[in-house]
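From the sequence below, what's the structure:
(2 chains)
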There are 2 protein chains.
Amino acid sequence: MTFCAPQGFRLAGLACGLKRDGRSDIALVVSDRPCAVAGVFTTNRVKAAPVLRDQALLSRPEPLARAVLINTGSANACTGQRGLDDAHASAALVADLLGCQPEEVLTLSTGVIGLPLNMEAMRRGIVALVPALRADGWPEAAAAIMTTDTRPKLASARLSGGAVIAGMAKGAGMIAPHMATMLAVIVTDAALPAAQLGGLLRTSVEASFNRIVVDGDMSTNDTVLLLANGAAGANVPDPDEFQTALTAVCTELAQAIVRDGEGATKFVTVEVTGAATKTDARAVARQIAISPLVKTAFYGADANWGRILAAAGYSGVDLDPARLALWLLDAQGAPAIQLVAGGEPAEYDERAAIALLQTPAWGVRLDLGQGTARSHVWTCDLSHDYVTINGHYRT
Amino acid sequence: MTFCAPQGFRLAGLACGLKRDGRSDIALVVSDRPCAVAGVFTTNRVKAAPVLRDQALLSRPEPLARAVLINTGSANACTGQRGLDDAHASAALVADLLGCQPEEVLTLSTGVIGLPLNMEAMRRGIVALVPALRADGWPEAAAAIMTTDTRPKLASARLSGGAVIAGMAKGAGMIAPHMATMLAVIVTDAALPAAQLGGLLRTSVEASFNRIVVDGDMSTNDTVLLLANGAAGANVPDPDEFQTALTAVCTELAQAIVRDGEGATKFVTVEVTGAATKTDARAVARQIAISPLVKTAFYGADANWGRILAAAGYSGVDLDPARLALWLLDAQGAPAIQLVAGGEPAEYDERAAIALLQTPAWGVRLDLGQGTARSHVWTCDLSHDYVTINGHYRT
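Numbering: from 1, shown residues only, chains lettered A, B, ... in the order given. Okay, the predicted model is just below:
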């Protein structure tokens, strides 16, 4: 899909010394006019300084934003008053250079917890970023927010009225899905009142990022921001069309995060059908998706469906083992091979199952045989590379 | 510690073809007289056939047992009516050969889910086991129940009155701690009425096996059995002394399971203190112990304490980040290095921390600063070998 950029936004990304290896490490997104803004933040009790600051700013009535500064190298979490001071000083410097208020500058951080921001590098970076801002600076900005990501993540959608929604995200350690920092900045030149923005964002996040980052399992820094500057014209877009387009952008970014999960070799959709309630379906899907034994079997292309049934069995949902049915789904999500019927092994071709599991994208569908509710999550496998990356991330 | 065997029990373990590589794969424990018996079983909704059968047998008033048959190679789970029939047929054959009732023979299974028992091999094994039974057959039996375990697990304790408690266990995949099969058979020649046995076993399991297998996260097959045959004499032991000795045996076996966890290179005690309630303390300890990011940092000997605080932060417990304090504990459980004070980095020697983390056994203590309740769990790290073992376990 061709990426299209909304009007009135400029971006930049570059290296200022926050990463030791000289890769780009700081990014700035600026709107040429004030934006209505909404955010969804981590539910972790331990929140990073930028999360606390952004939440306070967005809790004001009708908040406006002009810029979002994103740094890597330090999460600026567990850094106390100094962390809050550093976040504010970074925003104030951006505001000085742009000629706006510090309260109009949001900041996002990702990296090691407990490490204070390297403010000397931050200042150097901010001063260099402002003159580098360009309407087509999306690739540089998306590259600069990467940590263990292997590729930048961009997505966009065009509304019928001509307005555009575009976003960038970083993820990488979503395999758990515990605690990896997931950051996303989505902007639009559509004219949307702040009062609507929050609801639209929450609905789209629920259908996208929250399918990979299950509520309550977020990092100290997870943040999704949505900025609307109205540069495409004063006409308010149809809310349904905007919601659909926003969900499409969020879903593309969320799936890109899973596909680029730390060490991931497989993109797996875990579907649960036939549940009594949606909550049940989601709890079972989540338990399957986070089980290390299931995830290592995914990695090994092992049709070890017993681990999937066992994970469902300890999800806390009251299920009847004799009613369980399990299918492998092809890349399009269609049932390809039935592995389990009535809680017992079905007749299937093991070689065909392994061949499917060796492809890069497939799914599993577990039917609970209890009702009509369904849910799904997107996940990836647990590989040797995940252990390598996380056993030696900091040292 | 020297292993001592209780009177009136004979054991055997040998190879009957359930494992493809010719290792021993089936074990039998027999008492020369009927035993009072109690069991603790998996809480997984998907329960293996032997678990269902054993639970039914033990739910009768004052159940008696003469023997426990344990097979590897198949978990006999998700095998429907055929699985129940196979479990019963195996028990009936043992009973025939011993001259007791099938209802006095309990069975335990571990291995792949969904694979029916190889009954031809089982019959061959049972017929060979009975003449091989010996009072000193413990090492052979403990070796025969191993799957991905790298060493047999035995423990014993002698009571002041002369009676003995002895047990064997298998574990290995406890790292998650999801779903690995944990089996333990503990026997004593003390005279204990069935009415007391269940309570004693549950108390000791709570302090030992449940510190590694958290309730609700058990496999389809997890089982701990306690058999008491009274062969040491009719005197009922002091309940407190028996409880203490039983807990010691269970703890030694439980810790041995963690030390021999799949791919484990570190034995880590996760202690949580200063909690408002014991439930809170346990929830936080458990969340830390199951976090893949924390476990890979343990593997990499990385003092990446931010991951520990972040795991605590999403445990669901209402905690105040500014009150958190974290220490590394030495092998004796004493605080060695303080990493965090008041939610922020403490001054510490990074090289000393890494040196401690590179030793095979240590701990972490997180103080929540909220109250006086505490709890702990034992866990291990997440290594490349874990992924190798579980990515290719079945194929």
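
can you pull the pLDDT of residue A:306?
Residue-level confidence at residue A:306 comes out at 84, pLDDT.

Ramachandran angles for it?
phi -60, psi -40 (degrees, to the nearest 10).

now do residue A:28
Residue torsions, per degrees, to the nearest 10, at residue A:28 are phi -140, psi 130.

And for it, the neighbour number?
By the measure other Cβ atoms under 10 Å in any protein chain shown, the count of residues near residue A:28 is 28. Heads up, the C-betas are built off the backbone N, CA and C, glycines and all.

And residue A:29, by the same measure?
The number of residues packed near residue A:29 is 29, by other Cβ under 10 Å.

now swap in residue A:323 and tell me
Around residue A:323 there are 14 residues (other Cβ under 10 Å).

which residues touch it?
A:274, A:342-343, A:367-370 (Cβ atoms under 8 Å, 6 or more residues apart in numbering or on different chains).

quick one: which of the residues you listed is most hemmed in?
Neighbour counts for the contacts of residue A:323 (other Cβ under 10 Å) peak at residue A:368, which has 23 neighbours.

quick one: that residue and residue A:271 touch, right?
No: Residue A:368 is not in contact with residue A:271 according to Cβ atoms under 8 Å; the separation is 11.3 Å.

how much space between the closest residue to residue A:134 other than its chain neighbours and chain B?
Using Cβ to Cβ, 6 or more residues apart in numbering or on different chains and skipping residues adjacent in sequence, the residue nearest residue A:134 is residue A:10, 5.7 Å away. Residue A:10 is 33 Å from chain B, where distance means Cβ to the nearest Cβ, to the nearest Å.

Residue A:32 too?
37 Å.

Apart from its neighbours in sequence, what residue is nearest that residue?
Excluding the flanking residues, the one nearest residue A:32 by Cβ to Cβ, 6+ apart is residue A:8, at 4.7 Å.

quick one, domains of chain A?
What automatic domain parsing lists as the domains of chain A is A:9-259, A:267-391.

export these to a markdown table and tack on distance to residue B:97?
Below are the domains of chain A laid out as a markdown table (distance: least, Cβ to Cβ, whole Å):
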| stretch | distance to residue B:97 |
| --- | --- |
| domain A:9-259 | 50 |
| domain A:267-391 | 30 |
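
So for residue B:376, which of the ones you listed sits nearest?
domain A:9-259 (20.7 Å; Cβ to Cβ).

and the closest one, how far apart are its ends?
28 Å (Cα to Cα, to the nearest Å).

Might you calculate how far it sits from the centre of the chain?
Centre-to-centre, domain A:9-259 and its host chain are 11 Å apart (Cα atoms, centre = their mean, to the nearest Å).

tell me which element the residue nearest to residue A:134 falls in.
Element membership for residue A:10 (DSSP states H and E) is strand A:9-14.

again, but for residue A:246
Per DSSP H and E, residue A:246 falls inside helix A:239-259.

that older thread, report all helices and strands that the strand holding residue A:10 contacts.
With contacts defined as 3 or more Cβ pairs under 8 Å, 6 or more residues apart in numbering or on different chains; DSSP states H and E, strand A:9-14 has these neighbours: strand A:26-41, helix A:119-132, helix A:138-144.

The host helix or strand of residue A:273 pairs with which strands?
Counting by DSSP H and E, the element that carries residue A:273 is strand A:267-275. Applying DSSP bridges to the sheet, strand A:267-275 is found paired with strand A:361-367 (parallel), strand A:373-380 (antiparallel).

Using a markdown table, please lay out the ones you listed together with mean pLDDT.
Output for those, formatted as a markdown table (pLDDT from 0 to 100):
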| stretch | mean pLDDT |
| --- | --- |
| strand A:361-367 | 96 |
| strand A:373-380 | 92 |
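
Out of those strands, which gets nearest to residue A:329?
That would be strand A:361-367 among the strands paired with strand A:267-275, by Cβ to Cβ, at 3.5 Å.

That closest one versus helix A:239-259: what angle between them?
Put simply, strand A:361-367 runs at 110 degrees to helix A:239-259, going by axes from the mean of the first three to the mean of the last three Cα atoms, to 10 degrees.

How about strand A:361-367, which residues are buried there?
A:361-367 (16 or more other Cβ atoms under 10 Å in any protein chain shown).

mind checking how far it is from the chain centre?
That offset, for strand A:361-367, works out to 21 Å (Cα atoms, centre = their mean).

ok, the residue in the stretch 201-350 of chain A that chain B sits nearest to - contacts?
In the stretch 201-350 of chain A, no residue comes nearer to chain B than residue A:306, which is 2.3 Å away by Cβ to the nearest Cβ. With contacts defined as Cβ under 8 Å, 6+ apart, the neighbours of residue A:306 are B:75, B:77-78, B:112-114, B:220.

farthest pair in the contacts of residue A:323?
A:342 and A:370 (13.7 Å).

picking up where we left off before, of all the contacts of residue A:323, which comes closest to residue B:90?
residue A:343 (21.1 Å).

Show the backbone phi and psi for residue A:54.
Dihedral angles (degrees, to the nearest 10) for residue A:54: phi -60, psi -40.

Model confidence for residue A:178, exactly?
40.

now do residue A:97
Per-residue confidence (pLDDT) for residue A:97: 97.

count of residues packed around it?
17.

Next: the one 5 residues further on.
Residue A:102 is flanked by 16 other residues according to other Cβ under 10 Å.

quick one: it and residue A:90 touch, right?
No: contact criterion Cβ under 8 Å: residue A:102 and residue A:90 do not qualify, at 9.3 Å.

by contact count, what packs against the helix holding residue A:246?
strand A:153-158, strand A:164-170, strand A:183-188, helix A:194-206, strand A:267-275, strand A:373-380.

which strands and helices sit next to the fourth one?
Which is helix A:194-206. strand A:26-41, strand A:223-228, helix A:239-259.
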